[in-house]
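next one to model:
(one chain, ligands or ions: 1)
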Amino acid sequence: MALKCAIDLGIPSAIHRNGGSASLPDLLATLPIAENKRPFLHRLMRFLTVSGIFTSADDGVYQLTRVSRLLVDSIPLNLLPFARGAVNENSRKISETSGNFHTVFTRNFRSFLCLGEWFRDGGDTTPFAMAHGIDVWGAMSLDRALAAGFSASMAADSKFLAEIAIRRHVEAFMNVSSLVDVGGGDGSMARAIVKAFPHIKCLVLDLPHVVRGIPADGFVEYVAGDMMDFVPPANVVLLKLVLHDWSDEDCVRILSRCREAISNREGGKVIIIDTVIGSQSQQIYEAQLFLDLCMMTVTTGKEREEKEWHMIFLKAGFTQYKILPILGIKSLIEVYP
Ligand SMILES: C[S@@+](CC[C@H](N)C(=O)[O-])C[C@H]1O[C@@H](n2cnc3c(N)ncnc32)[C@H](O)[C@@H]1O
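You can find the predicted model right below:
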């Protein structure tokens, strides 16, 4: 909630605009804070500093940390849309016109409040469906604002991660002539791949309500479809943050469609960008387990340890895999038939 408040007020961007550091009077001079609320700001800043969002020396001057630098609106490849998707009700105006006040944040928050009830209940619905009467993908197809907020947050994550993933693991994309990004959302990841490797023919497969209306840009082609049924043929199939949304059985089904798509293709492989649970870093390990609880609450999926990934690869008919860490909680897994 304190982070949401900092994002609402634009505190990281204000510190950045002030030359990278700002005192309380500097912040009070620029932030949109009502006169009678000015005495409260130091309490918010004190908490956010102890939490690692900002730093502050004894002189009471606040500076950005590696975390809050990602929340500055003027820094290219910032993660502000992702953080807003997680904590803000930023799409409220669009929601109001459709008579619906839910956002990614409120939907997920209400789902978490159902977790205790979900554990007691013998049914097989998700906490999300328990809270909203519909599963997460159904809700997205009906609620334009929810879908827009989700798409913007995933696109920010893709733009941020693509450059790092490609730079660190350039060999994964070498000698690839065609690639289909399954569940590729608005195509941000595919566009970054084409930008780095203009010879790769890139296709994005996603649900009709996601790809409908995305204008052709001459770089990426969009196909509306259901990955459970069919994946268009290509040398490489990419699945970024898709399999963690699904149960083991569904993953085997999706990966089987992917194996069919790359069969008889030169150098055919599947590239998965997702979490492999386990890290030397306590912070990263905690973040992976937190994301696992999010998956348990919102989807039918989970974050997986290596042995769990191995099992679904074998069941889907793949023989080998290679795990390459990217950054933080995410890894790139190459899977071969
Ligand atoms: C967590 S998002 C990941 C989006 C994108 N890969 C990224 O990382 O930015 C999961 C994506 O899977 C798509 N999706 C869900 N069910 C699908 C299905 N049955 N067939 C194709 N895409 C699906 C969603 O619409 C969404 O775009």
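
using CSV, write out every CA atom in stretch 145-165.
In CSV, the C-alpha atoms belonging to stretch 145-165 read as follows (Å, rounded to 0.1, in the frame of the first residue of the first chain):
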residue,chain,number,x,y,z
ALA,A,145,-10.1,-2.4,-18.7
LEU,A,146,-8.8,-5.4,-16.9
ALA,A,147,-7.4,-6.8,-20.2
ALA,A,148,-5.8,-3.4,-21.1
GLY,A,149,-4.1,-3.1,-17.6
PHE,A,150,-2.8,-6.7,-17.8
SER,A,151,-1.5,-6.3,-21.3
ALA,A,152,0.3,-3.0,-20.4
SER,A,153,1.9,-4.6,-17.4
MET,A,154,3.1,-7.7,-19.3
ALA,A,155,4.4,-5.5,-22.2
ALA,A,156,6.5,-3.5,-19.8
ASP,A,157,8.0,-6.7,-18.4
SER,A,158,8.7,-8.0,-21.9
LYS,A,159,10.3,-4.8,-23.1
PHE,A,160,12.5,-4.7,-19.9
LEU,A,161,13.5,-8.4,-20.0
ALA,A,162,13.8,-8.9,-23.8
GLU,A,163,17.0,-6.8,-24.2
ILE,A,164,18.7,-8.6,-21.2
ALA,A,165,17.6,-12.1,-22.3
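
so how far is the helix or strand harbouring Lys4 off the chain centroid?
Assigned by DSSP states H and E, Lys4 belongs to helix 2-9. Distance, stretch centre to chain centre, for helix 2-9: 20 Å (C-alpha atoms, centre = their mean, to the nearest Å).

next secondary structure after that helix?
helix 11-17.

counting contacts, what elements does that next one pack onto?
Where contact means 3 or more C-beta pairs under 8 Å, 6 or more residues apart in numbering; DSSP states H and E, helix 11-17 is packed against strand 21-23, helix 24-30, strand 61-64, helix 66-69. The C-beta positions use only the backbone N, C-alpha and C, and glycine is treated the same way.

now it: buried residues?
By neighbour count on 16 or more other C-beta atoms under 10 Å, the buried set for helix 11-17 is 11-16.

out of the residues you listed, who's nearest the ligand?
Of all these, the ligand sits closest to Pro12, with 22.8 Å by C-beta to the nearest ligand atom.

contacting residues around Leu113?
Ala131 (C-beta atoms under 8 Å, 6 or more residues apart in numbering).

per-residue pLDDT, it?
Note on Leu113: pLDDT of 91.

of the helices and strands packed on helix 11-17, which is nearest the ligand?
Checked against C-beta to the nearest ligand atom, the stretch from these lying closest is helix 66-69, at 20.7 Å.

how far is the helix or strand following the closest one from where the chain is centred?
Using DSSP H and E, the helix or strand that directly follows helix 66-69 along the chain is helix 80-87. Centre-to-centre, helix 80-87 and its host chain are 10 Å apart (C-alpha atoms, centre = their mean).
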